[in-house]
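Novice: fold the following, please.
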Amino acid sequence: MTFIVAALLYALLAISNAEVLPLTVSDNQILIGGEQGSLSGMSFFWTNDDWGGLKFYNKQAVEWLKNDWKARVIRGAMGIDGTGGFLLDAPNNIARIKTLVDAAIECDLYCVVDWHDHYAHLHKDAAIAFFEEMARFYIDKNNLIFELFNEPKDDVSYTNDVKPYAEEVIKRIRDTGSTNVILVGSTHWDQDVEQAAAEKITSYENIAYTLHFYANAEGHGQALRDKATAALQNHIALFVSEWGTVDANGDGTVNAEETKAWVDFMKANHLSNCNWSLNDKAESASALKPGVRVDGQWTDSDLTESGKLVRDIIRTW
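Specialist: Model (predicted):
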């Protein structure tokens, strides 16, 4: 009997571990355990002190996303600049990210560790120190995906700013021995993916690029999908680390039709993605209504219009 119980426990452990297979990049695809596929889940809000989103950085919320929403990936958006961000309060912001990563590991989810900074190249040394620490601390975990530069603004150059910054940070991550997938930003708020494809980083393996869209924003429709198609045809892998059903400023109308067009596109091209955002801020992009409990257990009445739509998308991915 003891042998049978031990064998069953071993089998269950093997199944659990098998859910977090290594991610690798091959040509224009992010492979899951060497096989074609994609992940869908939620991005948490900025970690900044007193910005409202930090209360959802807890294990119970992650467990609910896995069990009820059927999410396979989450994203921790560590705010860098601004009040209460990493530059002013590194210990608490790092602690929130690690809480999320630890919960993801326990729940067999992937977790994007996002340096949520529009001018990351100006904070390169801090970024290097952070990613080195995370890479070393979680060296044996397949769960982590490193996102180096969130939405470079229009006055940031890919050639002169994003790419040199990324190459230096990537080198330091790889020097730790980490082989986890690394996401590199593209300019114009992570939309100029065709430019990144034309100047892709070739010195390192397992590199992909971020694409962001907001379904109700001008210019974020078929024209942006065409840019993504051109980038894929130029042999870079894309990860939609942030997308919304509404306007790019987080407000506006939920555009269900354009959201469906994007979902169809992402599924057809095997693009993993995280929706913005798991938060209860009074804006259209929030998945949760203001004042809901912070530990999951959310009913339909707790979800916003966007939240209901996104939950259905993730559950049926």
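Novice: which residues does the nearest residue to residue 120 once chain neighbours are set aside contact?
Specialist: Nearest residue to residue 120, sequence neighbours excluded (CB to CB, 6 or more residues apart in numbering): residue 149, at 4.1 Å. Glycine gets a C-beta too; all of them are placed from N, C-alpha and C. Contacts for residue 149 (CB atoms under 8 Å, 6 or more residues apart in numbering) come out as 115, 117, 120-121, 162, 165-166, 184-185.
Novice: among those residues, who's most crowded?
Specialist: Highest neighbour count within those, by other CB atoms under 10 Å: residue 185, with 32 neighbours.
Novice: distance of that residue from residue 193?
Specialist: 10 Å (CB to CB, to the nearest Å).
Novice: need the overlap of contacts for these two.
Specialist: Joint contacts of residue 185 and residue 193 (CB under 8 Å, 6+ apart) are residue 209.
Novice: please enumerate the strands of this protein.
Specialist: Assignment of strands within the chain using DSSP state E yields the ranges 23-26, 29-32, 40-46, 73-79, 110-116, 144-147, 182-184, 207-214, 238-244, 273-278.
Novice: and the second one, how far out from the chain's middle?
Specialist: Chain-centre distance of strand 29-32: 15 Å, with CA atoms, centre = their mean, to the nearest Å.
Novice: any chance you could list what contacts it?
Specialist: Identification of contacts with strand 29-32 by CB under 8 Å, 6+ apart yields 21, 23-25, 36-39, 181, 208, 237, 239, 270, 272.
Novice: for it, output the C-alpha coordinates as CSV.
Specialist: This file holds the C-alpha atoms of strand 29-32, laid out as CSV (Å, rounded to 0.1, in the frame of the first residue of the first chain):
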residue,chain,number,x,y,z
GLN,A,29,7.3,31.3,-32.1
ILE,A,30,7.5,31.0,-28.3
LEU,A,31,7.3,27.3,-27.8
ILE,A,32,6.0,25.6,-24.6
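Novice: change the start of the numbering to 5 and stick with it
Specialist: Done: numbering now begins at 5, and the last item shifts to strand 33-36.
Novice: quick one: mean pLDDT over that strand.
Specialist: Across strand 33-36, pLDDT averages out at 98.
Novice: the closest residue to residue 167 other than its chain neighbours: neighbouring residues, count only.
Specialist: The shortest distance from residue 167 to any non-neighbouring residue, by CB to CB, 6+ apart, is to residue 203 (6.1 Å). By other CB under 10 Å, 11 other residues sit near residue 203.
Novice: go on, residue 284?
Specialist: 24.
Novice: pull up the gap between the residue nearest to it when sequence neighbours are not counted and residue 195, please.
Specialist: Leaving aside its chain neighbours, residue 284 sits nearest to residue 292 (4.2 Å; criterion: CB to CB, 6+ apart). Distance, residue 292 to residue 195, using CB to CB: 27 Å.
Novice: do residue 52 as well
Specialist: From residue 52 across to residue 195, the span is 24 Å (CB to CB).
Novice: how about residue 238?
Specialist: Residue 238 sits 15 Å away from residue 195, going by CB to CB.
Novice: comparing these two, which shows the higher neighbour count?
Specialist: Just comparing residue 238 and residue 195: by other CB under 10 Å the higher neighbour count belongs to residue 195, 23 against 14.
Novice: which residue lies closest in space to the more buried one, excluding its sequence neighbours?
Specialist: Among residues not flanking residue 195 along the chain, residue 228 sits closest, at 6.1 Å (CB to CB, 6+ apart).
Novice: thinking again about what came up before, now the contacts of strand 33-36 in a markdown table, with neighbour count?
Specialist: Converted to a markdown table, these look like this (neighbours: other CB atoms under 10 Å):
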| residue | neighbour count |
| --- | --- |
| 25 | 15 |
| 27 | 26 |
| 28 | 17 |
| 29 | 18 |
| 40 | 10 |
| 41 | 15 |
| 42 | 19 |
| 43 | 23 |
| 185 | 25 |
| 212 | 25 |
| 241 | 26 |
| 243 | 27 |
| 274 | 18 |
| 276 | 26 |
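Novice: just name the closest of these to residue 95, please.
Specialist: Nearest to residue 95 among those, counting by CB to CB, is residue 185 at 26.9 Å.
Novice: which residues sit against stretch 92-102?
Specialist: Stretch 92-102 has contacts (CB under 8 Å, 6+ apart) with 51-53, 58, 61, 80, 82-83, 88-90, 117, 130, 134, 137-138, 141.
Novice: mind listing the helices for the stretch 205-321 of the chain?
Specialist: Ranges of helices within the stretch 205-321 of the chain are 226-237, 260-272, 309-319, based on DSSP state H, counting those that start in this stretch.
Novice: deepest in the core, which of these is it.
Specialist: helix 309-319 (a mean of 20; mean count of other CB atoms under 10 Å).
Novice: mean confidence for it?
Specialist: 98.
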